[in-house]
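Trainee: Quick one: sequence plus predicted model below, questions after.
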Amino acid sequence: MINITFPDNSIKSFENIPTGMDVAKSISDGFARNCVAMKIDDLLLDLSLPIKENCTISFITAKDDEGLDILRHSSAHVMAEAVLNIYTDAKLTIGPVVEDGFYYDIDMDPISKDDFGAIETEMKKIIKSKNTFERKVVSKGEALDIFKDNPFKLELINELDGAEEISLYQNGKFIDLCRGPHIPHTGMIKGFKLLKISGAYWRADQTREQLQRLYGISFFDKKKLNKYIHLIEEAKKRDHRKLGTKLDLYSFHDEAAGMPFFHAKGVEVWNALLEYWRDEHRAAGYVETKTPVMLNKKLWEQSGHWENYRENMYTSVIDDEEYAIKPMNCPGGMLIYKTKAYSYRDLPIRAGEIGLVHRHEFSGALSGLFRVRAFHQDDAHIFMTPDQIENEVLGVLKLSQRIYSRFGLNFNLELSTRPEKSIGSDEQWEEATNGLKAALELYGHGYVINEGDGAFYGPKIDLHIKDALDRTWQCGTIQLDMALPERFDLTYKGKDNEKHRPIMIHRTIYGSLERFFGILVEHFAGKFPLWLAPVQAILLPINQDLLEYASQIKSELEACKIRCEVDKRSETLKKKIRDAQLNYIPLIITIGDKEKGSETLSVRTLDGKVRMGLSMDEFVTSVSHHVKERTLNNEAIF
């Protein structure tokens, strides 16, 4: 008799040894059809495996993230099998699941996207056959014999020192080294697509064989595949690198790789972001500080960065002394705190800094504004007493929510705990982690725990924002730190007139201003809300005789702090309007003899609506109010 305990603590007994699938079917056939794998004692296992002992079981279904990973792992096997069926001389290496799909590295002659159709057709045949994934356990010698014609697999097998048994998976005639688990059969793959092909080196070693890396994506539901493909196409249209060039916002140059150049229009957006940041922080009780970009080695040794972050820092020698360009703002903030003596009555101190930092990234990792070497952090350091932790963390969470909502962004929360490489005592880490957990519980939003991914000096809460395409981006972070106040001997006088050590929060909301800028370009698809738009209004004189009058209107609008331009080209009005729309300028003002004579404005918005006969006062009042309120919807201007 085998007793199976379910997550709700109910128990079922089986006279014969059941498989995971048998247990799933005992719930219902419909439930079993959606099951992907089972979990026993936190171990993911195939549903086909027999359960020989009493245990607690839970099931992974097609609705779970783990289920999707398993599906994609199985899809990589199907793709590899299809490639071998077509390219018989190909040699497989490894094929993992990645964040957005899966890939397989294959030793074969180069192929292109033109070859994807044939591979996908072969995959469809394999999927239609509904082949089961059968787990086999063999000796090391047997594994070496099975893969004797594949030098890559032999290398992997020979590295398994001390392994007496090796697991393989077979579906149809295809067999591969694998730990599993897999979906019950290939027919569960309802939607798939090959995405791209690129080069890769075996073991990421440029001296080794060059391979073909074939990427794919798969889903349990074909509708989800179609949605994904739509989002991919939409993301291409929104690519911030292309839109940045089109809208004349920024550019990138080999003379400073990974260090973006912001043009005049880009700086207008930048300044609008900073002005909003400053308004919100001033209202939340922050002061703003500024620290040097370069500090000496002694400081970085004291902070722990030299030991824990040295490989990412740029250094120089000044007057025979080694210096480093700051990768973070916090050590400078420590020095400012030490310039005064504080009482518990002075705390908390909330000090923000828009600090330019530099971090070394490999050239191959650089990507537009998303991965750079020089960027501005909207950093802030909060110095507080232990009993203020919950309120201060809660205050940062609420401030973050207020700021993100201004851009129409939602976010998820993730708590990251102590990494392997860290500073500080066990007691400090435990107190800091518990403080963040308490604040999160008080905040009342759900969060996930990311074990071992905290900063080297403290645990952290990461805020992952979600854009218009439902993509997530890690931007804000809240890091609780007890180690740096210790290292810099920061103190305050408590109620007992004794010196005490303050607790410190490191936090950002935009994160990197450059990256946040790029995210907004893609989130809005270049169509910024009026308060952010680099050019808020463009004046289109219908003929060259009206240029001077249009310039006069421009001066009046600029005096009211409305960002505007005059289209001075001798093009048709229709073309000028079309070009203004393509450049996503929110307000298009037509200047003709009628408008000049009546001293009114004819205004077209991007949604196609036209307002005629607006006085200058009406226009300025509506626009100024819209900008002041930082309204998200441009359609509500008039």
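Mentor: That came through, no problem.

Trainee: Please count neighbours and contacts with C-alpha atoms only from this point.
Mentor: OK.

Trainee: for the biggest helix by length in the chain, packing partners?
Mentor: In terms of residue count, the longest helix belonging to the chain (DSSP state H) is helix 65-86. Using 3 or more CA pairs under 8 Å, 6 or more residues apart in numbering; DSSP states H and E, the elements in contact with helix 65-86 are strand 35-40, strand 55-61, strand 97-98, strand 101-107, helix 116-128, strand 210-219.

Trainee: Sheet partners, orientation included, of the helix or strand following the first one?
Mentor: Just to be clear, that refers to strand 35-40. Scanning forward in sequence from strand 35-40 by DSSP states H and E, the next helix or strand is strand 43-45. Strand 43-45 has the following sheet partners, assigned by DSSP bridges: strand 35-40 (antiparallel).

Trainee: Just put the helices and strands packed on helix 65-86 in CSV and tack on mean neighbour count, distance to residue 522 and mean pLDDT.
Mentor: Output for the helices and strands packed on helix 65-86, formatted as CSV (neighbours: other CA atoms under 10 Å; distance: least, CA to CA, whole Å; pLDDT from 0 to 100):
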stretch, mean neighbour count, distance to residue 522, mean pLDDT
strand 35-40, 22, 35, 96
strand 55-61, 19, 33, 96
strand 97-98, 18, 23, 94
strand 101-107, 24, 22, 97
helix 116-128, 17, 29, 97
strand 210-219, 23, 22, 97
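
Trainee: Please list all residues in contact with the closest residue in space to residue 79 that isn't next to it in sequence.
Mentor: Excluding the flanking residues, the one nearest residue 79 by CA to CA, 6 or more residues apart in numbering is residue 123, at 6.2 Å. By CA atoms under 8 Å, 6 or more residues apart in numbering, the contact set of residue 123 is 78, 79, 81, 82.

Trainee: what's the answer for residue 480, then?
Mentor: Contacts of residue 480 by CA under 8 Å, 6+ apart are 432, 433, 436, 458, 459, 460, 503, 504, 505, 506.

Trainee: Which of these ranks first by neighbour count?
Mentor: The most crowded member of those, judged by other CA atoms under 10 Å, is residue 458 (29 neighbours).

Trainee: Torsion angles phi and psi at that residue?
Mentor: Main-chain dihedrals, residue 458, degrees, to the nearest 10: phi 170, psi 160.

Trainee: So it versus residue 435, what's the distance?
Mentor: 11 Å (CA to CA, to the nearest Å).

Trainee: Contacts only, for residue 122.
Mentor: With CA under 8 Å, 6+ apart as the criterion, the residues that contact residue 122 are 82, 85.

Trainee: same thing but at 7 Å, please
Mentor: Under the criterion of CA atoms under 7 Å, 6 or more residues apart in numbering, the neighbours of residue 122 are residue 82.

Trainee: Which element is encountered next along the chain beyond the longest helix of the chain?
Mentor: strand 91-92.

Trainee: Point out the other elements, helices or strands, that that following strand touches.
Mentor: Helices and strands touching strand 91-92, as assessed by 3 or more CA pairs under 7 Å, 6 or more residues apart in numbering; DSSP states H and E, comprise strand 101-107.

Trainee: and the angle for the strand it packs on with strand 210-219?
Mentor: 150 degrees (axes from the mean of the first three to the mean of the last three CA atoms, to 10 degrees).

Trainee: Touching strand 101-107 from outside, list them.
Mentor: 72-73, 76, 80, 90-97, 211-218.
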